[in-house]
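Enquirer: Need a 3D model of the following:
(2 chains)
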Amino acid sequence: DAGITQSPRHKVTETGTPVTLRCHQTENHRYMYWYRQDPGHGLRLIHYSYGVKDTDKGEVSDGYSVSRSKTEDFLLTLESATSSQTSVYFCAIRPIAGQYTQYFGPGTRLTVL
Amino acid sequence: TQLLEQSPQFLSIQEGENLTVYCNSSSVFSSLQWYRQEPGEGPVLLVTVVTGGEVKKLKRLTFQFGDARKDSSLHITAAQPGDTGLYLCAGSQAAGNKLTFGGGTRVLVKP
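Expert: This is a model prediction of the structure:
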């Protein structure tokens, strides 16, 4: 158990509304990641963070922003949700810099109507 | 176009049969990982391979990293219904900050 929680676990919202997903970790790991998972695409990286206030874009960052004001929380925001952002979102942490293993949270299923 | 291609996309077999899942790329990776994911849960790491030609065994699962570090395979011997799930490979290039995932192979083992 890597001590990762995600909230909410399920959310239904309407097109054009803002949505914020939260990832919380209990072990002060430096690296945190947000992915989305869609059928046939595996997981695709949205944004990641390598420290408080230090973030970088992944391969599918358009329409998403992130914030990390403290080590334990990494927030993903959809400023104006679209139906193409309907997906399952996973947060992950990487415990050890220089090694590759990531551990994943339980996911948030987001539906944008 | 995905950097990592997994095949097959779906595999349905009977309990006791063997299966192999492939993960291929034209790019070189510093490491390659295999995850298994069950419905409603996040992926769970099975193994990490980092050396070209490396073979790792985890009970009935055998993982191999290609000599050129561009491909990998997962072989399951005498599959059981508990092996059912989505198998994902993921590669890391220099610095290891980011993982690139394959599209996944959905395995169904019927009793």
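
Enquirer: got the contact list for residue A:64?
Expert: A:34, A:46-47, A:76-78 (CB atoms under 8 Å, 6 or more residues apart in numbering or on different chains). Every C-beta, even on glycine, is put in place using the N, C-alpha and C of the backbone.

Enquirer: go with 10 Å
Expert: A:21, A:34, A:36, A:46-47, A:57-58, A:76-79, A:85, A:89 (CB atoms under 10 Å, 6 or more residues apart in numbering or on different chains).

Enquirer: contacts with chain B among those residues, please.
Expert: residue A:58 (CB under 10 Å from any CB of the partner chain).

Enquirer: Nearest to residue B:104, out of the contacts of residue A:64: which one, please.
Expert: residue A:36 (13.5 Å; CB to CB).

Enquirer: isn't residue A:111 right next to residue A:86, touching?
Expert: Yes - here residue A:111 reaches residue A:86: they are 5.3 Å apart, a contact under CB atoms under 10 Å.

Enquirer: shared neighbours of those two, anything?
Expert: What both residue A:111 and residue A:86 touch, as defined by CB under 10 Å, 6+ apart, is the set A:12-13.

Enquirer: thinking again about what came up before, make TSV from the contacts of residue A:64 and add distance to residue A:8 to it.
Expert: Below are these laid out as TSV (distance: CB to CB, whole Å):
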residue	distance to residue A:8
A:21	8
A:34	15
A:36	16
A:46	17
A:47	19
A:57	24
A:58	22
A:76	12
A:77	14
A:78	13
A:79	18
A:85	15
A:89	10
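
Enquirer: now the contacts of residue A:64 in CSV, with neighbour count and pLDDT?
Expert: Formatted as CSV, the contacts of residue A:64 follow (neighbours: other CB atoms under 10 Å in any protein chain shown; pLDDT from 0 to 100):
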residue, neighbour count, pLDDT
A:21, 21, 98
A:34, 28, 97
A:36, 22, 97
A:46, 23, 96
A:47, 21, 96
A:57, 14, 93
A:58, 19, 92
A:76, 23, 98
A:77, 14, 98
A:78, 19, 97
A:79, 12, 93
A:85, 19, 97
A:89, 24, 98
